[in-house]
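Asks: The sequence and its predicted three-dimensional model are supplied below.
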Amino acid sequence: MSAEDPALRRRILIATALVVLLPFGFIYAFVAAINHVLLPLLESFGHGPYHGRVYVSPLLAVVIVAGGLATQAWFGPSTVLGTLGARRVSPEERPELHARVTRLAQAADVEPPDVAVAKNDAPNAAAVRGPTGASILVTTGLLDRLDETELEAVLAHEIAHLKNRDATVMTVAWLLPTVTYYLALAAAYLLYGTYRALGSGRSSGRSSDGLAKAVLVLTVTAVVTIAISAMFWAASVLIHRILSRYREYAADRGAAALTGEPAALASALRTLEAEMPDVPDRDLRKLDGGAEALYVAPLSGRSFTDADLVSTDIFPDTHPPTEERIDRLRELAGELE
């Protein structure tokens, strides 16, 4: 059985290409908005004329996008362990766990990662890769609930993620949703602050006319910023979710190839799905915070706050349905017979 599915690989490559291309679309959407909305508005108020137009050279766009993606790839994954309260454990503390991880890493031909354990009742695991190397995180809930073959299968799943550099890819894919979210939020606060300030002051005559024009320019700028940011936020979140689902399938297949026991991973996934709803909210909250795409199983009730600018519940989940993953693993088991 091959560790790769050619059709799945093509879909992953297409989704990854969109992750890289969307930031360029975002930049040039703003350039178009400035040239076709903001500058004509200023000219209608007697400013200008603006004979030139805003232009961003393709080389500058490449530098901006590449710099942003590289920064996200370098610093993003390394923050996960700290935010989840995980602690790296030595081979002396967890000899059997280290031995399993090392053996699987050698079989996959990757550098053995560090091992970290989080005291959390939610049974889950994740793989991260930072500037100093890779780590596999497991929770105490996972170690307590899975038997040896199931644990081996989950660790193989995480090793497959490391081999595919999924932690880096998924972190990079979250760059544009983060940028667009905070840009839209800043524009919304600017709009709110402007009209709040207007409500507490009075002007008349020529100054009133100038103020009205300034407020209109600010309003149009904020609304256009929110509209463009919202559009690219939605597109990038959708791509992130789809890419995450594809990569879960690829890691499941990689784990089956590593262990030769797809049924063990299917059993582990069934156990995790059955146990997750009974986990206290406090433990799920500790694992929440944008890292859901990195886990072997989705968190139950992942939205623990209503503070989001826009709900992500309208998008596909970061993980495929467990039953669908199990069905695919059964098919892989059939290939091995």
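Replies: Alright, I've got the coordinates.
Asks: Go through the helix or strand containing residue 31 and flag the buried ones.
Replies: In the assignment (DSSP states H and E), residue 31 maps to helix 6-33. When neighbours are counted by 16 or more other CB atoms under 10 Å, the buried residues of helix 6-33 are found to be 11-12, 15-16, 18-19, 22-23, 25-27, 29-30, 33. C-beta: built from backbone N, CA, C; applies to glycine.
Asks: Then stretch 57-72?
Replies: For stretch 57-72, by 16+ other CB under 10 Å, it's 61, 65, 68, 69, 72.
Asks: a markdown table please, covering those and showing distance to residue 173.
Replies: Shown next, in a markdown table, are the buried residues of stretch 57-72 (distance: CB to CB, whole Å):
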| residue | distance to residue 173 |
| --- | --- |
| 61 | 19 |
| 65 | 13 |
| 68 | 12 |
| 69 | 9 |
| 72 | 9 |
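Asks: Just the ones in helices from those residues, please.
Replies: 61, 65, 68, 69, 72 (DSSP state H).
Asks: Residue 23 versus the second one, what's the distance?
Replies: Distance from residue 65 to residue 23, counting by CB to CB, to the nearest Å: 5 Å.
Asks: And the helices in this protein?
Replies: 6-33, 39-44, 58-75, 80-84, 95-108, 140-145, 148-163, 166-173, 175-198, 205-259, 262-275, 281-287, 322-336.
Asks: For the fifth one, which outside residues touch it?
Replies: With CB atoms under 8 Å, 6 or more residues apart in numbering as the test, helix 95-108 has contacts from 89-91, 111-113, 115, 117, 136, 138, 143, 151-152, 155-156, 159-160, 162-163, 254, 258-259.
Asks: show me the contacts for residue 29.
Replies: Neighbours of residue 29 in contact, by CB under 8 Å, 6+ apart: 228, 231, 232.
Asks: what's around residue 225, how many residues?
Replies: A count of nearby residues for residue 225, using other CB atoms under 10 Å, gives 20.
Asks: The one 4 residues further on too?
Replies: Close neighbours of residue 229, defined as other CB under 10 Å, add up to 25.
Asks: In this structure it contacts residue 183, no?
Replies: Yes: here residue 229 reaches residue 183: they are 4.8 Å apart, a contact under CB atoms under 8 Å.
Asks: buried stuff in stretch 188-200?
Replies: Buried residues in stretch 188-200 (16+ other CB under 10 Å): 188, 190, 191.
Asks: Specify which member of those residues is nearest to residue 323.
Replies: residue 188 (39.9 Å; CB to CB).
Asks: Next one, pLDDT for that closest one please.
Replies: At residue 188, the model reports a pLDDT of 93.
Asks: Look up how far residue 97 lies from it.
Replies: Separation of residue 188 from residue 97 (CB to CB): 46 Å.
Asks: Could the C-alpha coordinates of stretch 176-188 be exported in CSV?
Replies: Below are the C-alpha coordinates for stretch 176-188, written out as CSV (Å, rounded to 0.1, in the frame of the first residue of the first chain):
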residue,chain,number,x,y,z
LEU,A,176,-4.4,35.7,5.5
PRO,A,177,-7.4,35.0,7.8
THR,A,178,-5.5,36.6,10.6
VAL,A,179,-4.5,39.7,8.6
THR,A,180,-7.9,40.2,7.1
TYR,A,181,-9.7,39.7,10.5
TYR,A,182,-7.7,42.3,12.3
LEU,A,183,-7.7,44.8,9.4
ALA,A,184,-11.5,44.6,9.2
LEU,A,185,-11.7,44.9,13.0
ALA,A,186,-9.5,48.0,12.9
ALA,A,187,-11.6,49.6,10.1
ALA,A,188,-14.8,48.9,12.1
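Asks: That stretch: which residues count as buried?
Replies: Of the residues in stretch 176-188, those buried under the neighbour-count criterion (16+ other CB under 10 Å) are 176, 177, 179, 180, 181, 183, 184, 187, 188.
Asks: about what we covered before: which among the contacts of helix 95-108 count as buried?
Replies: Among the contacts of helix 95-108, those buried by neighbour count (16+ other CB under 10 Å) are 89, 112-113, 115, 117, 136, 138, 151-152, 155-156, 159-160, 162-163, 254, 258-259.
Asks: Quick check: which ranges of the stretch 201-337 of the chain have low pLDDT?
Replies: Scanning the stretch 201-337 of the chain for pLDDT under 70 picks out 201-207, 288-291, 300-313, 337.
Asks: at 50 instead, please
Replies: Low-confidence regions of the stretch 201-337 of the chain, defined by pLDDT under 50, span residues 204-205, 302-307, 309.
Asks: So what angle separates the directions of the helix holding residue 31 and helix 58-75?
Replies: Regarding helix 6-33 and helix 58-75, their directions subtend 120 degrees when assessed with axes from the mean of the first three to the mean of the last three CA atoms, to 10 degrees.
Asks: pLDDT averaged over helix 6-33 - what is it?
Replies: When pLDDT is averaged along helix 6-33, the result is 94.
Asks: just the angle between that helix and helix 322-336, please?
Replies: Per the same axes, to 10 degrees, the angle that helix 6-33 makes with helix 322-336 is 140 degrees.
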